[in-house]
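Trainee: just coords:
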């Protein structure tokens, strides 16, 4: 690789901006860090700028996230109008005294905060940038677009929990948005062929679970899943980077294959990371965090008396089913499929040591981190979700259902891709299968919709304004004078006969004008 200095300057600027976002004691500093990580994301996505597609991906990410940032800025203005300060602790502690529950300004403030978070955390309708962000280097995907920046929206919502709790309508909307996003992302990941895009959509799906937790008031569960997700998703992204290097920068999973027989260590890393992503019970850390969210959402349907939360629970369970299927598909094709590209051996501690550390943190052993993390969140006054004693049995039942469905998804994945792959391939080649795959591959066509509704009209307006119509209006008069001068000068031919005929014509025209004036005057 070339240009290490540029890469690490962007990278360190990102780390500084992320620390400012997290450690800032007021929302103005948070917003400064927020914009900083957005800038660094743009710079790092377009790091390989020699390829125009990477530049377009960077511009797309920058533009879409800026839309969310506008909403966040509006939220800051509304908060300052009501509190007279942007100090985070003051707002959180005094929200109940200053704001009125379910009032219009409270709802708008909470909604603007969430839309700002949705842009940064790739939630519908501002989710289209994340898959294209995979154009950047793989370490960028691992740190920024899996572990830190994309979870900043969840962090913001959890930190401002007292504002959201005064707008229960927005809380429900947050859970609905998270549920829809995780389902759409799950279907999209099911048919992708690019290894990094599969992981990108899986990230979007896991972020949907975190927002479901926020909407169900399970802030600690959402933040704990954010922590565990950072471990296993960074493991998967860095492992995918090693796989891409091993196959000479090939990213299409169907052009890989047979890696299990060449590199058992990479298989172990992928199996642990994929197991955590699919929430394989007890063996992986993802199980302990994801199932806590689903149990909280089920419980909230009974506490709040809103049946829709129960529907959202089942959407989350369906998302877990899809996750198991596409995770097994990814691992099976890469490690047990037919080898289509020559394998290149990767060696060195710099390659295996980070993966080994992340692999350990992605196993069930990492549950030892839960108690200290919850203590820190308690000290930060982030409320814990307490399941009433009367609902504990039902909540455990909801967890068991989620476990069963996740394992069923794994079994379906085994049947479809290990034993009936030819049947799956045959269905994909039919008109119905190809149509469904195309819809899922394009994540329900949001990109095409936005292209029609926003991009093309904007380009048309830009093209019209690019001709500078204001200056054009001022240039009309000189153009008329110049045209008149050209016409009259072209009449000066030097022929006496033409001059005489012109004079006669002029006299006739004048006489006609006089006659018309007299007739009209009478």
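Mentor: Yep, it's here. Everything quoted here is computed from the prediction, not taken from an experiment.

Trainee: low pLDDT regions in this protein?
Mentor: Within the chain, the ranges that satisfy pLDDT under 70 run 1, 467-474, 491, 493, 522.

Trainee: which residue lies nearest the spatial centre of it?
Mentor: residue 122 (2.1 Å; Cα atoms, centre = their mean).

Trainee: ok, it - contacts?
Mentor: For residue 122, the contact set (Cβ atoms under 8 Å, 6 or more residues apart in numbering) comprises 129, 130, 150, 181, 203, 204, 207. Using the backbone N, CA and C atoms, a C-beta is placed for each residue, glycine as well.

Trainee: closest one of those residues to residue 80?
Mentor: Nearest to residue 80 out of the contacts of residue 122 is residue 150 (Cβ to Cβ; 26.7 Å).

Trainee: give the burial count for that closest one, as a bare number.
Mentor: When neighbours are counted by other Cβ atoms under 10 Å, residue 150 registers 28.

Trainee: which one is it nearest to, not counting chain neighbours?
Mentor: residue 121 (5.4 Å; Cβ to Cβ, 6 or more residues apart in numbering).

Trainee: pretty sure residue 134 is touching residue 141, no?
Mentor: Yes. If you go by Cβ atoms under 8 Å, residue 134 and residue 141 touch, sitting 5.7 Å apart.

Trainee: which of these two has more residues huddled nearby?
Mentor: Taking other Cβ under 10 Å, residue 134 and residue 141 do not tie; residue 141 has more neighbours (28 against 24).

Trainee: confirm the more buried one sits in a strand?
Mentor: No. Counting by DSSP: H, G, I helix; E, B strand; the rest coil, residue 141 falls outside a strand, being helix.

Trainee: can you pull the contacts of the residue nearest to residue 150?
Mentor: By Cβ under 8 Å, 6+ apart, the neighbours of residue 121 are 150, 151, 152, 153, 154, 207, 210, 211.

Trainee: nearest to residue 12, of those?
Mentor: residue 152 (17.8 Å).

Trainee: quick one: that closest one and residue 37 touch, right?
Mentor: Yes. Counting by Cβ under 8 Å, residue 37 is a contact partner of residue 152 at 6.8 Å.

Trainee: residues in contact with both of the two, list them for me.
Mentor: In contact with both residue 152 and residue 37: 18, 21, using Cβ under 8 Å, 6+ apart.

Trainee: and these two? Which one has more around it.
Mentor: More crowded of residue 152 and residue 37, by other Cβ under 10 Å: residue 37, with 25 against 22.

Trainee: quick check: which element contains the more buried one?
Mentor: helix 27-45 (DSSP states H and E).

Trainee: so what does the helix or strand just after that helix touch, helix or strand wise?
Mentor: Per DSSP H and E, the first helix or strand lying C-terminal to helix 27-45 is helix 52-83. If contacts are counted by 3 or more Cβ pairs under 8 Å, 6 or more residues apart in numbering; DSSP states H and E, helix 52-83 sits against helix 27-45, helix 88-98, helix 104-120, helix 129-132.

Trainee: go again using 10 Å as the cut-off
Mentor: Identification of packing neighbours for helix 52-83 by 3 or more Cβ pairs under 10 Å, 6 or more residues apart in numbering; DSSP states H and E yields helix 27-45, helix 88-98, helix 104-120, helix 129-132, helix 152-159, helix 161-165, helix 446-450.

Trainee: quick one: buried residues of that helix?
Mentor: Buried residues in helix 52-83, defined by neighbour count with 16 or more other Cβ atoms under 10 Å: 54, 57-58, 60-62, 64-65, 67-69, 71-72, 74-76, 78-79, 82-83.

Trainee: quick one: contacts for the closest residue to residue 91 other than its chain neighbours?
Mentor: Sequence neighbours aside, residue 83 is the residue nearest to residue 91 in space, at 5.5 Å (criterion: Cβ to Cβ, 6+ apart). If you count contacts by Cβ atoms under 10 Å, 6 or more residues apart in numbering, residue 83 has them with 27, 90, 91, 94, 95, 98, 99.
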